[in-house]
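[1] coordinates only, sequence not included:
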């Protein structure tokens, strides 16, 4: 679902204008499972009452859904009150929240189709070629690889093992409908971006467990 222009969409955009609320929303949206107030507060290092307030505001705006569940798996008398858990609803807000790069994908695909037709070549290898050219340019003009990834909507996260996880897919809706084509294009794009930025990483497929995450992970380059 995508918010269209109108009061609901404007309210959602306004809700995410607050930096604390946006941080809370992004924490829930990129979590593997529904999260509670304590987990969110701990993850963001914010007071629990602040997080609880922001979670409920986001739920009021339709950006989060709410469920009640006992976390210990027990039921009946003496099992305690169910925890209030939050998860992101399936929406993209019109004002590019989260950040999407559909124009970039469209330009790469259109350029590939044009070149394939002009040169009488199959589209698939030309798409990979054009994606590499775009990625090379992105990497070469970036102040750093992580900044380039952030600027293009990937939400990079440097992990303890030195790899970089990508918590967002900037081509989310396209990949949902055309996964093989878009994910292959994305891998070529990021491989070339790493090369263009002269960064010590290699791009590899990493099937996401969260539907919002990117299908590519960047591992430290060996040797």
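    That came in fine, so what should we check first? Just so it is clear, the model here is predicted, and its values are computed rather than measured.
[2] Just give the nearest non-adjacent residue to residue 16, would you?
    Nearest non-adjacent residue to residue 16, counting by C-beta to C-beta, 6 or more residues apart in numbering: residue 22, 4.7 Å away. Where C-beta positions appear, they are placed from N, C-alpha and C, glycine not excepted.
[3] Am I right that the one you found is in contact with residue 44?
    No - when contacts are counted by C-beta atoms under 8 Å, residue 22 is not listed as touching residue 44 (11.1 Å).
[4] The residue nearest to residue 16: helix or strand, and which one exactly?
    In the assignment (DSSP states H and E), residue 22 maps to helix 19-29.
[5] Run the chain-centre distance for that helix.
    On the basis of C-alpha atoms, centre = their mean, to the nearest Å, helix 19-29 sits 13 Å off its chain's mean C-alpha point.
[6] My read is that residue 159 contacts residue 166, right?
    No - counting by C-beta under 8 Å, residue 159 does not reach residue 166; the two are 10.9 Å apart.
[7] neighbour-wise, which of the two wins?
    Just comparing residue 159 and residue 166: by other C-beta atoms under 10 Å the higher neighbour count belongs to residue 166, 23 against 12.
[8] how far away is that one from residue 30?
    Here the distance between residue 166 and residue 30 works out to 10 Å (C-beta to C-beta, to the nearest Å).
[9] can you pull out the helices in the chain?
    7-15, 19-29, 37-44, 48-60, 102-119, 123-140, 145-151, 172-177, 179-196 (DSSP state H).
[10] Of these, which stretch is the most buried?
    The highest average neighbour count among the helices of the chain, using mean count of other C-beta atoms under 10 Å, belongs to helix 179-196 at a mean of 21.
[11] Show me what it is packed against.
    helix 102-119, helix 123-140, helix 145-151, helix 172-177, strand 201-205, strand 216-220 (3 or more C-beta pairs under 8 Å, 6 or more residues apart in numbering; DSSP states H and E).
[12] and that helix with strand 216-220, angle?
    Orientation note: helix 179-196 sits at an angle of 30 degrees relative to strand 216-220 (axes from the mean of the first three to the mean of the last three C-alpha atoms, to 10 degrees).
[13] related to what we said a few turns ago, which stretch among the helices and strands packed on helix 179-196 comes nearest residue 86?
    Each of these has some distance to residue 86 by C-beta to C-beta; the shortest is helix 172-177, at 20.1 Å.
[14] Okay, now the unreliable bits of the chain?
    Regions of the chain meeting the criterion pLDDT under 70 cover residues 1-15, 17, 72-80, 91-98, 222-223.
[15] gap between the spatially most central residue of it and residue 211?
    To find the centre residue of the chain, average its C-alpha atoms and take the closest one (C-alpha atoms, centre = their mean): that gives residue 168, at 1.2 Å. For residue 168, the distance to residue 211 equals 11 Å [C-beta to C-beta].
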